[in-house]
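Q: Pasting the sequence and the predicted coordinates here, then a few questions.
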Amino acid sequence: MNILDKIVAHKHIEIAERSAMTPISILEKSPYFGRQTYSLRESLLHPERTGIIAEFKRRSPSKGDINTRADAATVTKGYADAGASGLSILTDEQFFGGSTADLIAGREANQIPVLRKDFMVHDYQVFEARAMGADVILLIAECLEADQLRSLAKTAKSLGLEVLMEIHSGDQLAKLCPEVDIVGVNNRNLKNFEVSVQTSIDLFDQIPAEFLKISESGINNPQTIQELKQVGFQGFLIGEYFMSDPEPQQRFAEFVQSLNSLPQVSF
Ligand SMILES: O=P(O)(O)OC[C@@H](O)[C@@H](O)c1c[nH]c2ccccc12
């Protein structure tokens, strides 16, 4: 079994436990459930923000411990203050050291869109995302059949959430559906952890024009953002480069400063 299969197998066990403990009828009573969500699409297009979705990630299967001590509220607020367009917060506990508590802390501290970063395979998790205060969910094409992906996307839309669909190869674009708001190209192969930004560059032209496009993973310098902007990407998801600093928000602020000092790219 590759790591992605292991994660998904564990998700099914987790969902059974969690839904037995907290049924959807209870999730719907969360104070966040009825809140007005923020649009990541709009925030990414906002001219005064950076287009960066800054991630809060404590650990990963590919890198092991990255930053286990960081405080989710402090870091995400620092990201938002320095110009992040959105926040990505890992909620998977087993493989990424994340938690519902981290997402709620990020929600409480900020007024920008929050992506629940997890492996979604069941409607229950979409309700959970809404109840935690998330604005966007991630659907990884590699983990889902086309009809399953569409059904999860429909649930998300019915709850006022946006949908980021993640692909790693051109054939996965066959799973696109109108309920998707943003397409993310993951530069990391989730089965063997190989990372290449070239993956984004190669796939850009195959993604239909109506979807906002972002590039995810392995980005560690502002020049790469410039390069990806030139290709046409409008968002950039970055985790490890920031989180590997004891003060991720500090490293993010410095990154934004050097990004702003580069010549502006016009479309
Ligand atoms: O830490 P990086 O290389 O900057 O990557 C961030 C993000 O793209 C990555 O964490 C990610 C992309 N898709 C995922 C799916 C599940 C878990 C994590 C991810």
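A: The structure has been received and is ready for your questions.

Q: can you list the residues of this protein near the ligand?
A: Where the chain comes near the ligand, counting by CB under 6 Å from any ligand atom, the residues are 55, 57, 117, 140, 166, 186, 216-219, 237-241. C-beta coordinates here come from the backbone N, C-alpha and C atoms, glycine included.

Q: For the residues you listed, work out which two are farthest apart.
A: Spatial extent of the residues of the chain next to the ligand (CB to CB) is set by the pair 140 and 241 at 21.2 Å.

Q: Compare neighbour counts for the two and give me the winner.
A: Taking other CB atoms under 10 Å, residue 140 and residue 241 do not tie; residue 140 has more neighbours (23 against 17).

Q: Show me the beta-bridge partners of that one.
A: When assigned by DSSP bridges, residue 140 has beta-bridge partners residue 166.

Q: give the contact list for it.
A: Listed by CB atoms under 8 Å, 6 or more residues apart in numbering, the contact set of residue 140 reads 119-120, 166, 186, 190.

Q: Which one (most neighbours) among these?
A: residue 120 (28 neighbours).

Q: where are the low-confidence patches of the chain?
A: Applying pLDDT under 70 to the chain picks out residues 265-267.

Q: Would you list the buried entries among the residues of the chain next to the ligand?
A: The neighbour count (16 or more other CB atoms under 10 Å) marks 55, 57, 117, 140, 166, 186, 216-219, 237-241 as buried among the residues of the chain next to the ligand.

Q: May I ask you to name the longest helix in this protein?
A: helix 3-21 (DSSP state H).

Q: What lies in contact with the helix or strand just after that one?
A: Heading C-terminal from helix 3-21, the first helix or strand you meet, by DSSP states H and E, is helix 24-27. With contact meaning CB under 8 Å, 6+ apart, helix 24-27 is reached by 33, 124, 127-128, 130-131.

Q: List the buried residues of helix 24-27.
A: So helix 24-27, judged by 16+ other CB under 10 Å, has buried residues residue 27.

Q: same check, this time on stretch 208-216
A: 211-216.

Q: out of those, which are inside strands?
A: 212-216 (DSSP state E).

Q: follow-up on the earlier one: need the buried residues of stretch 208-216 in CSV with distance to residue 178, can you?
A: What follows is the buried residues of stretch 208-216, written out as CSV (distance: CB to CB, whole Å):
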residue, distance to residue 178
211, 10
212, 14
213, 16
214, 18
215, 23
216, 22
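
Q: Quick check: the two most widely separated of the residues you listed?
A: Counting by CB to CB, the most remote pair of those is 211 and 216, 14.2 Å apart.

Q: Identify the residues contacting the nearest residue to residue 19 once chain neighbours are set aside.
A: Excluding the flanking residues, the one nearest residue 19 by CB to CB, 6 or more residues apart in numbering is residue 124, at 4.9 Å. Taking CB under 8 Å, 6+ apart, we find residue 124 in contact with 15, 18-19, 24.
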